[in-house]
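Q: My questions concern the predicted model and sequence given below.
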Amino acid sequence: MQYINSVVIVGGGSAGWLTAGLIAAHHKAHLPGNLKVTLVESANIKSISVGEGTWPTMRATLKKLGVTESDFIKECDATFKQGAKFSKWTTGAEDDFYYHPLMLPQDFGHVDLASSWQALQGVMKNGDSFSQSVCFQEALCEAGLAPKNITMPEYGAVANYAYHLDSSKFGKFLNRHCKAKLGVKHIIDDINGVVSKNNGDIDYLNTQSGEKIQGDLYIDCTGFSSILLGRHYGVKFQDKSDVLFIDTALTTHVPYESEHDPIASHTISTGQSAGWVWDIGLPSRRGVGHVYSSKYISEDEAIAELSNYIGPVAKDLEFRKIPIKSGYREKFWVNNCVAVGLSAGFLEPLEASALVLIELSANMISEQMPVTRSGMDITASKFNTIFNYRWERIIDFLKLHYMLTKRTDTKFWIDNCLPETIPESLRNQLELWQYRVPSDFDFDSLHEVFPAASYLYVLYGMGFKTDISRQSHKLQNSNVTDQSLKKNIEIKKKVLANLPTNRDLINKVHEFGFQRL
Amino acid sequence: MSKITALDVNHHYALKVDVSKVVAESANAQTIPILLSEIIKASAEYPLVFVKNQQSGQFIPVVLCGFRHDENLYVSDGNWDASYTPFNVQRQPFFLGTENAEGVNKSSVLCLDLDSKCLGDVGHVLFDEKKMPSEYLTHMHTLLSQLYHGNPITGNFSKTLADYDLLEEITLDIKFDNGDVQSVKKTYTIDRQKLAEIDNKIFLDLRKQDYLMPVYAMIISLDQIQKLVNRRNIRDRKDEG
């Protein structure tokens, strides 16, 4: 009987340190006799340092790691994210935008505001957008307000929130914390060989320094290189560029004019001619990038569009080009090796899915950590099934943003609507949603990455029409829906009056910190 | 409303302070912040708890004076109806502002609430004929400087307890004789369980900083809540005639 006593994580970016931290915290690796967690990284390979958007799951993750919210905010140049604003995705007009906030529609689950809102669109022109009617978070974002105030205990929220953070600072922060508090052993070395056992398992890793690094489970966090899963095991990468056309990113940092400039409450995604620009406001600077398809525009055109978005200060900035292969591996766990992060796959950051996939992977590995080698194959199979499902659903959801466009100004947008570029799973859902609004029952997993509510925001934000005429039972609850709408209006008024701006709150966090209770 | 302005001998020369109206300024204060140096004395009479400063989120020790947000059961007909009058009650209508200057060494500025009902043509003068501070103003200056020096010391006390994770949130659910029910939330006190289990290093640190007595005093002072309830019951009976 072979027991699993040690885990080796290869790679020290966000994936490596988040995974090492979550496993070490859960398994109390700092106590003798417990699971040993080692992270080995190269001094010579730089991490990608771009992923800056997170999901609300990151609050729970940081809590699990034993990190205080104040330390995280101070040391990672972090701020609060309350959703995403999609500008110029539907018609491309200057005032064309919709929100995907982080909060559910008011009373979601017992009251169906989507059906009544949809019915109203037939009779009332120029009413509130879907997001504005059902949730107060868009109003907070438009006003640049924070999701809480300084008197709330850490991690507490008035409005559900996630974070925007500085990726390299985050990696270094986790590095320090994992070593100091969680008992993670840190090795700095370069891997130059993989030695296998007869059954195909990794026996040990050879390194530049001559040391052998051995573990019972290896976690590949080596980024795009995927040196264990991709290179050593040769697991095939499934190219999804026929669905999601983006293949290049140009990234940069844009300075604020003054340290008092407002910090945006949300990620801003602005449609371009063959892609979109992300704009993430951190306290000290903005992270801005243009993701585009080189099949539709040239690099020069892409640079011009990005510069145009940024404004005059763009001429003093350097743009970094990163090629993107959209897709994911056929399997993620082979033998005693599992990939987490970019080594498993990558999709454009349209809904900030990369870091949340790392959290989901690390949590599953940690909580279902195999006790015996024989049990590992069963866990591996479950892991592969669940994550394959998740990647497929993420692709469906990202594609939805594109194929609902009414833009016809460039071939990029037109081609995105071609049926052969739309996954069958998505086409089937849309067929049903033509006649009734999405519900949680439309989705198979108990743990959907994007639940029904997320689909509501994108569908109705982009003007998708659901014909409610055969759903009269949904509209015969007007007392109840009116109450929910009223509640939303009342809460909106209260929060708009009482919450501080992001800049003010971040300044206070730096000065006073959040209390623990 | 309050209009807090820096005291200026040229603008405020003619003002007088009617000290008989000073206590009444606190008539609607449900909580009165106290200094670390006042805790032991105050604990003998008043329930002491921590609340959060609304501007900074940090904990401050206060006298709990009532159960409604605008109720002070220790003020009766403009008089302080108990033995020890906290500094923050005595100092009205004066405030401490900080100089609007850059740099670390901001000096404190004595300010006045121009809307205070204490100010008028009756009472103590602020300045004498030579435009020098009067005896009364000098006395208030001394009082305010006690607050000026005491506030950061008190802040350190509260912060130390918070950093050592020794605080807990409590809710007071009270039913009064007349059937009224009140719930006082967002108050905090020292967690006796956690205090009993702290390791020696922390215990020694609290002792060295002379925090043990005020900590125990605040815990014991919670027994004064019943006396505060009695005050409310008496006041209710009087009001209902």
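A: Arrived safely, thanks for sending.
Q: What's the local residue count around the closest residue to chain A within chain B?
A: Residue of chain B nearest chain A, by CB to the nearest CB: B:Gly57 (3.7 Å). Placement of C-beta: from N, CA and C, glycine included. A count of nearby residues for B:Gly57, using other CB atoms under 10 Å in any protein chain shown, gives 21.
Q: again with A:Ser225
A: Close neighbours of A:Ser225, defined as other CB under 10 Å, add up to 13.
Q: Surely A:Ser131 is in contact with A:Phe97?
A: No. Taking contacts as CB atoms under 8 Å, A:Ser131 lies outside contact range of A:Phe97: 9.9 Å.
Q: Contact partners for the residue of the stretch 351-500 of chain A found nearest chain B?
A: At 10.2 Å from chain B, A:Pro500 is the closest residue in the stretch 351-500 of chain A, using CB to the nearest CB. Each residue near A:Pro500 by CB atoms under 8 Å, 6 or more residues apart in numbering or on different chains is listed here: A:145-146, A:149-150, A:508.
Q: These in strands, which ones?
A: Residues of the contacts of A:Pro500 located in strands (DSSP state E): none.
Q: Just to be sure, A:Tyr328 is in a strand?
A: Yes. Assessed with DSSP: H, G, I helix; E, B strand; the rest coil, A:Tyr328 lies in a strand.
Q: Which strand residues bridge it?
A: A:Gln238, A:Gly345 (DSSP bridges).
Q: Equivalent analysis for A:Lys321, please.
A: According to DSSP bridges, beta-bridge pairing links A:Lys321 with A:Leu250.
Q: In contact with it: list those residues for me.
A: Contacts of A:Lys321 (CB under 8 Å, 6+ apart): A:248-250, A:299.
Q: rerun at 10 Å
A: By CB atoms under 10 Å, 6 or more residues apart in numbering or on different chains, A:Lys321 lies in contact with A:248-251, A:290, A:299, A:302-303.
Q: ok, back up a step: correct me, but the residue of chain B closest to chain A touches B:Lys159?
A: No. The criterion here is CB atoms under 10 Å, and B:Gly57 misses it with B:Lys159 at 11.4 Å.
Q: shared neighbours of these two, which are they?
A: A:512-513, A:515.
Q: Sitting in helices, which of those do you find?
A: Residues of the shared contacts of B:Gly57 and B:Lys159 located in helices (DSSP state H): A:Phe512.
Q: Kindly indicate which of the shared contacts of B:Gly57 and B:Lys159 lies nearest chain B.
A: Among the shared contacts of B:Gly57 and B:Lys159, and counting by CB to the nearest CB, the member closest to chain B is A:Phe512, at 4.5 Å.
Q: So what's the residue count around the closest one?
A: So A:Phe512, with other CB under 10 Å, has 16 neighbours.
Q: so what pLDDT did the residue of the stretch 201-350 of chain A found nearest chain B get?
A: Nearest residue of the stretch 201-350 of chain A to chain B (CB to the nearest CB) works out as A:Glu259 at 14.1 Å. On pLDDT, A:Glu259 comes in at 93.
Q: Please give the element, helix or strand, for it.
A: Assessed by DSSP states H and E, A:Glu259 sits outside every helix and strand.
Q: One more: the one 4 residues further on?
A: When secondary structure is defined by DSSP H and E, A:Ile263 falls outside every helix and strand.
Q: Any chance of the backbone angles for the nearest residue to it once chain neighbours are set aside?
A: Of all residues not flanking A:Ile263 in the chain, A:Asn502 sits nearest, at 4.1 Å (CB to CB, 6 or more residues apart in numbering or on different chains). The phi/psi pair for A:Asn502 (degrees, to the nearest 10) reads phi -60, psi -40.
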